[in-house]
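**Q** no sequence for this one, just the structure:
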């Protein structure tokens, strides 16, 4: 069968926009449907590792735009509750060897950059998909307003709470709550304890936090803590009480943040599903393999999925491209989900003795091994 000439993408997040960009650059007509009528306005950021940045650059995303939206990380520091340096990962050095920087970057800004590279006319905002129809020749999404959009294929990139996932699986699939909730914000912020191009992470008993330079006199901060699912309110004084006695850098960032600028999140993931494919429909990113933030790989994995799927669809029919994509990415993605769970436990240990042993072990890791650890993360291995 011939390669696809039109693809409908469900979800206007990082994964959906990246796969649309990859396909458009290969001459495929694309149409992205995003259920919200605006980009997420949450003032947050994330780490995009070197391997994922390289994919974006190869797809034509402007490097100057990335530099404007974020800060290339030179060092990621892990510190104890009181600020003692446990280890410092040479992220900048290894990223340069890999051929692209690793960034701490604005989430909202990266979406805007991808839309600019793709062309806003290809993105339909406020267009919620509620169903799928497919036959021997096409796949069609059914929209909430009753209208339809058809293409040769449909790609489901609609996030952790995916509508398409249940349709592909043929049953409702429950996400797994990690037991951890988070607070965070992206703010104008500089501090003597936060050198330029540094990401400082603080590990505490049963909790962790961090502050990272995002460039342009801005920083992002976050705190993860144990909490029941379903909370919605944000109390700045509660956050300050939780981190009382921690490294003063984090408290300074929280103090400087207006309460209504703080975002509350929850860490959920997904057990492996049998298949990401149903006929002419395929899932990618969190829709296929939602992961917690503890491995710092969620957005990167979506970008890598998008690059792989785009490359395969541009070279062969979907009947061979979809299984090849699943074979290439499924085992790796599920390993990252599992690794995220492990990192959640390691970085937020409950035992005081285990905490001390972990920190002492990490503090004595030799520099070559630190470089190896940094390279594993930056390369996505």
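**A** Here it is on my side, so go on. Values in this document were obtained by computation on a predicted structure and should not be read as measured data.

**Q** what's in contact with stretch 131-146?
**A** For stretch 131-146, the surrounding residues in contact (CB atoms under 8 Å, 6 or more residues apart in numbering) are 8, 10, 33, 35, 127-130, 148-154, 164, 167, 279-281. Bear in mind the C-beta positions are built from the backbone N, C-alpha and C, glycine included.

**Q** Kindly report the same for stretch 105-120.
**A** 12-14, 17-18, 20-21, 24, 30, 32, 39-48, 56, 59-62, 65-66, 68-71, 123, 186, 214, 218, 299.

**Q** Out of those residues, list just those in helices.
**A** Residues of the contacts of stretch 105-120 located in helices (DSSP state H): 14, 17, 18, 20, 21, 24, 56, 65, 66, 68, 69, 299.

**Q** Now for the fifth one: which residues touch it?
**A** Neighbouring residues of residue 21 by CB under 8 Å, 6+ apart: 59, 60, 61, 114, 117, 118, 306, 310.

**Q** sorry, back to before: and the contacts of stretch 131-146, which are buried?
**A** The neighbour-count test (16 or more other CB atoms under 10 Å) marks 8, 10, 33, 35, 127-129, 149, 151-154, 164, 167, 279-281 as buried among these.

**Q** Where helices are concerned, which of those residues count?
**A** 164, 167.

**Q** if I pick residue 182, what's in contact with it?
**A** 222, 223, 224, 225, 264, 265, 266, 267, 293.

**Q** any idea how far the host helix or strand of residue 183 is from the chain center?
**A** Residue 183 is part of strand 176-188 when elements are defined by DSSP states H and E. Counting by CA atoms, centre = their mean, to the nearest Å, strand 176-188 is centred 13 Å from the centre of its parent chain.

**Q** average pLDDT for it?
**A** Strand 176-188 shows a mean pLDDT of 91.

**Q** Mind checking which of the contacts of residue 182 land in strands?
**A** 222, 223, 224, 225, 264, 265, 266, 267 (DSSP state E).

**Q** Tell me where the model's unsure across the stretch 201-350 of the chain.
**A** 294-296, 339-350 (pLDDT under 70).

**Q** Bridge partners for residue 78, pull those for me.
**A** Using DSSP bridges, the beta-bridge partners of residue 78 come out as residue 87, residue 201.

**Q** ok, it - how many residues close by?
**A** Neighbour count for residue 78, taken as other CB atoms under 10 Å: 21.

**Q** how about it, what does it touch?
**A** So, once contact is read as CB under 8 Å, 6+ apart, residue 78 ends up touching 85, 86, 87, 88, 89, 201, 202, 203, 362.

**Q** Now the most centrally placed residue in the chain: closest residue in space, sequence neighbours ignored.
**A** By CA atoms, centre = their mean, the mean C-alpha position of the chain lies nearest to residue 299, the distance being 2.3 Å. Nearest residue to residue 299 in three dimensions, chain neighbours excluded: residue 14, at 4.9 Å (CB to CB, 6 or more residues apart in numbering).
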